[in-house]
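Novice: this one's structure only:
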C-alpha cells in the first residue's frame with residue numbers, strides 16, 4: 001500500500017475507475033533514487049490555477065512512492081493499429097495520477113510519463129530519457145502557442161537514474177496534462193477484448209465527461225463518431241497549416257478529444273515536400289506530411305468499426321450508417337483545408353479559380369524546394385523586419401502576378417489580407433537543427449538555448465529581434481535528419 005503525505009492539498013479525482021476493471025490496472029510510480037526538478041512550467045501552473053501541483057509534489061511522488069492524498073494512480077489499457085497492424089497495448093511507461101478539476105478551465109488528466117513499468121510494458125523498462133521528455137515539453141508548448149489543441153507539459157523531473165537505449169542516458173519523468181487520454185485505440189480495445197456492455201460503458205463515460213450534449217441524440221454512438229471526426233479533421237488541418245509532421249499516427253495516438261499528443265518522432269517540415277518523413281521507423285512513408293489526412297480517415301474508420309454494435313443492432317444497417325459518415329470525410333477535409341490555405345495567402349472569401357491558385361503555389365514550392373514557413377512570410381511582404389531573401393523566390397514571379405491581381409478583389413482592404421496571413425503564418429516554428437542543438441546542450445546541463453527556444457516559440461507569430469537565426473535551417477542537415485520515438 002502506497003504511503004500518503006499531506007503536502008499536496010489537491011484532491012485528484014479518478015473518474016476512470018468508474019469503468020470496468022479491464023480498462024485499467026492500478027499501479028504505483030516507481031521510486032526514483034534522486035528526483036530533481038529540471039524544468040517547470042510556472043506559466044501553465046498559474047494559467048490553470050494548479051498552485052498545489054508544484055515542483056515539490058513531483059519530487060515527493062517520485063522519491064519514495066509517496067502519493068498525494070486521495071489519488072488512485074492507474075495505467076490505462078488500450079489497443080491500436082501501429083503501422084496498420086492491430087496489437088494489444090496500454091500505458092507501458094505512463095501513470096495516470098488522476099484528474100485535476102481546475103476553477104478556470106475544467107478537468108485535466110495528470111499523467112507521469114516515464115514513471116516505471118506497468119502490466120502493459122511489454123518487456124520495456126517503463127522509463128524515459130531526459131532528451132525525449134524535453135523534446136515533448138518543447139514541442140507541446142510550441143504547438144499550444146501556435147493555437148493548436150494539444151497536451152501540455154507541466155514539468156520535467158530528472159530521476160537520478162541511467163536509462164539504457166542505444167547509449168546511456170539520463171532518466172526523467174514528464175508531467176503531462178491533457179483533457180483526455182482516451183484514444184481511438186481505447187475503443188478498439190473495448191471492441192476486440194470486451195463485451196458490448198464494456199463498449200457501452202466506455203461510450204457513456206466518454207459522452208458524460210466530454211460530450212454530454214450528445215447523450216440525448218437518437219444514435220449517440222454515431223453522433224460521437226461524427227464529433228470526433230470533425231475535431232480530428234480540424235486538428236490535422238491545423239498541422240498542415242504550420243508544416244507539422246506527427247510521425248507516428250497510430251490509432252492509439254489519435255485522441256477522442258482532438259488533441260495533439262505523444263510527441264515521439266515528430267518534426268516540422270522545412271523544404272516543402274508532401275513526402276517528407278523524418279521518423280527513423282517510418283520506412284515506407286506511411287506517416288509522411290502529405291499522408292496525414294488519409295491516415296486520419298483510416299484511423300477514424302477503425303473507430304467506426306469499434307462503435308458498430310452501438311450504432312445499430314442490425315450489423316448491416318450499422319455498417320451502412322457508419323460508411324455514410326466516413327464517406328463525408330474527403331469533402332469535409334478538403335473544404336477545411338482550402339479554407340485554411342486561403343487564409344495563408346490572404347484571401348477572405350473563395351472565388352472561382354482560387355483553389356487552382358493554391359495548388360499552383362504548392363507545385364512551384366515543391367518543384368523549387370522552397371521553405372514552407374518562409375515562403376508565406378515572403379508573400380506577406382513583411383514589414384516587421386523578418387529577414388526573408390526575395391532573390392530565392394524568382395520562380396514565383398508568374399504566380400505572384402496572378403495572386404496580386406486576385407487580392408485586389410478581396411472584400412476587405414490590404415489590411416484584411418495582412419490580418420489573415422499573419423494569423424495563419426507563423427514566423428517561428430521549431431527547426432530541426434536548432435531543436436537538436438538545444439536538446440544536446442540541455443542534456444549537459446546548459447538550458448540557455450532551450451530556454452531561448454521556449455521564449456521564442458511562445459510568440460510564434462511575432463518577429464523577435466535577436467532570434468533571426470531561428471528562422472533559418474540547414475537543408476543538408478535535414479536530408480540526413482532522423483527522429484526517434486524515444487521509447
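Specialist: That came through, no problem. Since the model is a prediction, treat every value here as computed from it, not as a measurement.
Novice: The helix or strand hosting residue 295 packs against which elements?
Specialist: Element membership of residue 295, judged by DSSP states H and E, is helix 292-311. Applying 3 or more C-beta pairs under 8 Å, 6 or more residues apart in numbering; DSSP states H and E, one finds that helix 292-311 makes contact with helix 184-193, helix 196-210, helix 220-242, helix 315-326, helix 329-344. (Each C-beta comes from the backbone N, C-alpha and C, glycine too.)
Novice: Determine which stretch of these is the most buried.
Specialist: helix 184-193 (a mean of 24; mean count of other C-beta atoms under 10 Å).
Novice: Which residues does it contact?
Specialist: 22-23, 76-81, 86, 88-89, 198-199, 202-203, 228, 250-252, 254, 256, 299-300, 302-303, 305-309 (C-beta atoms under 8 Å, 6 or more residues apart in numbering).
Novice: for stretch 83-101, which positions count as buried?
Specialist: Buried residues in stretch 83-101, counted by 16 or more other C-beta atoms under 10 Å: 89-100.
Novice: make that stretch 284-300, sorry
Specialist: 286-293, 295-300.
Novice: Which of the helices and strands packed on helix 292-311 sits closest to residue 131?
Specialist: Taking C-beta to C-beta, helix 220-242 is the member of the helices and strands packed on helix 292-311 nearest to residue 131, at 23.1 Å.
Novice: mean confidence score for that closest one?
Specialist: If you average the pLDDT over helix 220-242, you get 98.
Novice: okay, the angle between that helix and helix 184-193?
Specialist: Using axes from the mean of the first three to the mean of the last three C-alpha atoms, to 10 degrees, the direction of helix 220-242 lies 140 degrees away from that of helix 184-193.
Novice: Tell me which other helices or strands helix 220-242 touches.
Specialist: Using 3+ C-beta pairs under 8 Å, 6+ apart, helix 220-242 sits against helix 196-210, helix 292-311, helix 315-326, helix 329-344.
Novice: Same list (these) but as a markdown table, adding distance to residue 18 and mean pLDDT.
Specialist: What follows is the helices and strands packed on helix 220-242, written out as a markdown table (distance: least, C-beta to C-beta, whole Å; pLDDT from 0 to 100):
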| stretch | distance to residue 18 | mean pLDDT |
| --- | --- | --- |
| helix 196-210 | 6 | 98 |
| helix 292-311 | 18 | 98 |
| helix 315-326 | 26 | 98 |
| helix 329-344 | 32 | 98 |
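Novice: any chance of those helices in TSV, with distance to residue 58 too?
Specialist: Below are the helices and strands packed on helix 220-242 laid out as TSV (distance: least, C-beta to C-beta, whole Å):
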stretch	distance to residue 58
helix 196-210	26
helix 292-311	33
helix 315-326	43
helix 329-344	38
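Novice: Select, out of those helices, the one closest to residue 112.
Specialist: Residue 112 lies closest, by C-beta to C-beta, to one member of the helices and strands packed on helix 220-242: helix 196-210, at 20.9 Å.
Novice: Show me what that closest one is packed against.
Specialist: Looks like helix 196-210 contacts helix 184-193, helix 220-242, helix 292-311 (3+ C-beta pairs under 8 Å, 6+ apart).
Novice: give me that answer again for 10 Å
Specialist: strand 106-113, helix 184-193, helix 220-242, helix 292-311 (3 or more C-beta pairs under 10 Å, 6 or more residues apart in numbering; DSSP states H and E).
Novice: how big is the angle separating the shortest one from helix 196-210?
Specialist: Same thing as strand 106-113. Using the same axes, to 10 degrees, strand 106-113 lies at 120 degrees relative to helix 196-210.
Novice: just so I know, which of the helices and strands packed on helix 220-242 lies nearest residue 166?
Specialist: helix 292-311 (27.6 Å).
Novice: In the strand ranked longest in the chain, which of the residues would be classed as buried?
Specialist: Of all the segments of type strand in the chain, defined by DSSP state E, the longest one is strand 152-164. Using 16+ other C-beta under 10 Å as the test for burial, strand 152-164 gives 152-159, 161, 163.
Novice: chain center to stretch 241-257: distance?
Specialist: 6 Å (C-alpha atoms, centre = their mean, to the nearest Å).
Novice: Now do the end-to-end distance for it.
Specialist: Start and end residues of stretch 241-257 are separated by 20 Å (C-alpha to C-alpha, to the nearest Å).
Novice: Stretch 254-269 too?
Specialist: End residues of stretch 254-269 are separated by 21 Å (C-alpha to C-alpha).
Novice: hang on, the earlier thing: any idea which of the buried residues of stretch 284-300 is closest to residue 361?
Specialist: Among the buried residues of stretch 284-300, and counting by C-beta to C-beta, the member closest to residue 361 is residue 290, at 15.2 Å.
Novice: phi, psi of the nearest residue to residue 112 once chain neighbours are set aside?
Specialist: In space, and not counting its chain neighbours, residue 112 is closest to residue 95: 4.7 Å by C-beta to C-beta, 6 or more residues apart in numbering. When read as degrees, to the nearest 10, the backbone of residue 95 gives phi -120, psi 120.
Novice: Equivalent analysis for the one 5 residues further on, please.
Specialist: As for residue 100, its main-chain torsions (degrees, to the nearest 10) stand at phi -90, psi 130.
Novice: Next up, the contacts around it.
Specialist: 10-13, 48-50, 52-53, 106-110, 154, 177 (C-beta atoms under 10 Å, 6 or more residues apart in numbering).
Novice: List the beta-bridge partners for it.
Specialist: Beta-bridge pairing of residue 100 under DSSP bridges involves residue 108.
Novice: Report the separation between it and residue 35.
Specialist: 20 Å (C-beta to C-beta, to the nearest Å).
Novice: got it, and residue 13?
Specialist: Taken as C-beta to C-beta, the span from residue 13 to residue 35 is 25 Å.
Novice: In terms of neighbours, single out the busier of those two.
Specialist: Neighbours were counted for residue 13 and for residue 35 using other C-beta atoms under 10 Å; residue 35 has more, 22 against 14.
Novice: is it true that residue 284 lies in a strand?
Specialist: No. Counting by DSSP: H, G, I helix; E, B strand; the rest coil, residue 284 is not part of a strand but coil.
Novice: Closest one of the buried residues of stretch 284-300 to residue 452?
Specialist: With C-beta to C-beta as the yardstick, the closest approach to residue 452 among the buried residues of stretch 284-300 comes from residue 289, at 26.5 Å.
Novice: part of a strand, is residue 348?
Specialist: No. Using three-state DSSP, the assignment for residue 348 is coil, not a strand.
Novice: from what I can see it touches residue 420, true?
Specialist: Yes. Look at residue 348 against residue 420 with C-beta atoms under 10 Å: they come within range, at 6.2 Å.
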